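S.K.: Below are the sequence and a predicted model; questions follow.
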Amino acid sequence: MVDFSLKEIRTNKGLSRRELAELSGVNEQTIVALEIGKNDPNEAKISTLIKLAKALHCKVRHLYPQEKDI
């Protein structure tokens with residue numbers, strides 16, 4: 001199973017999408033699209049991923065899909 005970890009990281013830090021948007025400077029709709037898989041993180045601008053990673057205090061690679069055991 002593949003799970004996109006942006007939402008997991010955000011919720012673990014107790015942030016809403018709006019709060020993350022304000023902290024990162026990334027549009028809330030972009031965050032929604034990344035979390036629901038509408039936008040592929042491989043096609044996202046690196047600057048967007050860097051902003052999100054800085055706001056979440058994580059590495060950019062953590063924002064990519066991670067394989068999880070079923």
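M.R.: Thanks, I have the structure now. Numbering: from 1, shown residues only.

S.K.: May I see the buried residues of stretch 50-60?
M.R.: 51-53, 55-56, 58 (16 or more other CB atoms under 10 Å). C-betas here are computed from N, CA, C, even on glycine.

S.K.: Check those and tell me the two furthest apart.
M.R.: The most widely separated members of those are Lys51 and Cys58, with 12.0 Å between them, by CB to CB.

S.K.: Could I get the pLDDT score of the nearest residue to Ala53 once chain neighbours are set aside?
M.R.: Computed as CB to CB, 6 or more residues apart in numbering, the closest residue to Ala53 that is not its neighbour in sequence is Val60, at 4.6 Å. The per-residue pLDDT reported for Val60 equals 88.

S.K.: before we move on, what about Lys54?
M.R.: Note for Lys54: predicted pLDDT of 97.

S.K.: go on, Asp40?
M.R.: 66.

S.K.: neighbours around Glu8, how many?
M.R.: Glu8 sits with 13 neighbouring residues when counted by other CB atoms under 10 Å.

S.K.: Could you report the distance from it to Ser47?
M.R.: 22 Å (CB to CB, to the nearest Å).

S.K.: Quick check: longest helix in the protein by residues?
M.R.: Secondary structure of the chain per DSSP state H: the longest helix is helix 46-56.

S.K.: And that one, how far out from the chain middle?
M.R.: When distances are taken as CA atoms, centre = their mean, to the nearest Å, helix 46-56 is centred 8 Å away from the chain's centroid.
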